[in-house]
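Novice: Pasting the sequence and the predicted model now:
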Amino acid sequence: MGLFDKLAGWLGLKKEVNVLCLGLDNSGKTTIINQLKPSNAQAQDIVPTIGFSIEKFKTSSLSFTVFDMSGQGRYRNLWEHYYKEGQAIIFVIDSADKLRMVVAKEELDTLLYHPDIKHRRIPILFFANKMDVRDALSSVKVSQLLCLENIKDKPWHICATDALKGEGLQEGVDWLQDQIKTMRT
């Protein structure tokens, strides 16, 4: 922990935030979270999440507690139990999985219309992941297929990412951090 981080903590500027990381199975949620952790804390092998796991990472002014929720069909009903505690959402989409884009949209719609989310101005960061895969859809096309332009009551942002290389992740985290700071002032 650097001097500025310690100073921010003493002054009460270092805030903790709970983030839900959602998306279908095999979209890259765990790999993304792993990339956001310091290199000495990153796991070497990523395995599918069963149920959920809790991970932490820090930025210059925020400490993130991320609830990495399994995207397997039988576990998606667990997501709603964490909505009230979530202060931000990271929704990961496999841009190369064109067949399940409709399922991703259905899950997103279920999330957006849930009573614990519907009336909150909670920021949603979309990671259009797997841009390294041949024929992956662009973030613009993913945005169109998910009808993100219809989200009018929540701040949202979409980033094209390659979780394996960590590309596009910092842009998204910077945006999310700015949104959270804006909400708190």
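Specialist: That came through fine.

Novice: does residue 34 really touch residue 42, like I thought?
Specialist: Yes: with contact defined as C-beta atoms under 8 Å, residue 34 reaches residue 42; the gap is 5.2 Å. (C-beta placed from N, C-alpha, C; glycine too.)

Novice: More neighbours: the two, which one.
Specialist: Taking other C-beta atoms under 10 Å, residue 34 and residue 42 do not tie; residue 34 has more neighbours (20 against 14).

Novice: what sits up against the helix or strand encompassing the more buried one?
Specialist: Using DSSP states H and E, the element containing residue 34 is helix 29-36. If you take C-beta atoms under 8 Å, 6 or more residues apart in numbering as the criterion, helix 29-36 is touched by 21-23, 42-43, 46-49, 53, 55, 57, 64, 66, 68-69, 71, 90, 92, 127, 129, 161, 163-164, 166, 169, 173.

Novice: Over to stretch 133-148?
Specialist: The contact list for stretch 133-148 (C-beta under 8 Å, 6+ apart) reads 93, 95-96, 98, 101, 104-105, 108, 126, 128, 130-131, 149, 156, 158-160.

Novice: Can you classify residue 103 by secondary structure?
Specialist: Three-state call for residue 103 (DSSP: H, G, I helix; E, B strand; the rest coil): helix.

Novice: residue contacts, it?
Specialist: Neighbouring residues of residue 103 by C-beta under 8 Å, 6+ apart: residue 24.

Novice: In a strand, residue 26, correct?
Specialist: No: looking at residue 26 with three-state DSSP, it is coil, so not inside a strand.

Novice: Tell me the gap between the helix holding residue 34 and the middle of its chain.
Specialist: 9 Å (C-alpha atoms, centre = their mean, to the nearest Å).
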